[in-house]
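Enquirer: model this:
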Amino acid sequence: MRVYLDVCCFNRPFDDQSQDKVRLEAEAVIGMLKRCENRAWTLVGSDIIKLEISKTQDHVKRQKVLLLYEGAAEIIKYNAQIKIRAAQLREKGIKLLDSLHLAFAEDANVDVFLTTDTRLFRVAERISIRIRIDNPVNFYLEVLDSEQSGG
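Expert: Okay, here's the model as predicted:
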């Protein structure tokens, strides 16, 4: 399984855990990162992830997020196809950084792009994206259900 996590997913374990949604998303992200760490899955990263993480104002949080990101087994480099695809996605209403993340994930041909950004999820559902996009909780529960049922 090849997964690409939006930066919001890497941040989730360090966000305020007092909200149930945030706590569940953090647990799902941690569960999936453990699978990547154990090499059961492949965590795919990109040039834009590291750039976005570097802009985190809180130095301590930035360092913690970078530690999680270091588990990426494959880093996709910016190229002309990504530039073109990101521009196409922006024309369809996707914000700049989000369009780049999606373009990188598509270029890497990941199985799933995970995000906690509900706006991005809603917009991406209405346009043609070549990869699956999902919330970490929904996706992880589906994986767990599949494993329990032997699928």
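Enquirer: surely Ile49 is in contact with Glu70?
Expert: No. In this structure, Ile49 is not within contact of Glu70 by C-beta atoms under 8 Å, at 11.2 Å. For every residue, glycine as well, the C-beta is placed using N, CA and C.
Enquirer: comparing the two, which residue is more hemmed in?
Expert: In this view Ile49 and Glu70 are compared by other C-beta atoms under 10 Å, and Ile49 has more residues nearby, 25 against 9.
Enquirer: buried sites along the strand or helix carrying that one?
Expert: Assigned by DSSP states H and E, Ile49 belongs to helix 47-54. Within helix 47-54, the residues scored as buried using 16 or more other C-beta atoms under 10 Å are Ile48, Ile49, Glu52, Ile53.
Enquirer: mind listing what's buried in the helix or strand following it?
Expert: Next helix or strand after helix 47-54 toward the C-terminus (DSSP H and E): helix 59-69. Buried residues in helix 59-69, counted by 16+ other C-beta under 10 Å: Arg62, Lys64, Val65, Leu68, Tyr69.
Enquirer: OK, contacts around the last one?
Expert: With contact taken as C-beta atoms under 8 Å, 6 or more residues apart in numbering, Tyr69 is in contact with Phe10, Gly45, Ile49, Lys50, Ile53.
Enquirer: mean confidence score for the longest helix anywhere in the chain?
Expert: As assigned by DSSP state H, the longest helix anywhere in the chain is helix 20-37. On average, the pLDDT along helix 20-37 is 97.
Enquirer: who are the packing partners of that helix?
Expert: If you count contacts as 3 or more C-beta pairs under 8 Å, 6 or more residues apart in numbering; DSSP states H and E, helix 20-37 packs onto strand 2-5, helix 7-11, strand 42-46, helix 136-148.
Enquirer: re the thing from before, reformat the buried residues of helix 47-54 as TSV; add distance to Leu100.
Expert: TSV is the format used below for those (distance: C-beta to C-beta, whole Å):
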residue	distance to Leu100
Ile48	5
Ile49	9
Glu52	9
Ile53	14
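Enquirer: pick the one among those closest to Met1.
Expert: Nearest to Met1, judged by C-beta to C-beta, of those is Ile49 at 18.1 Å.
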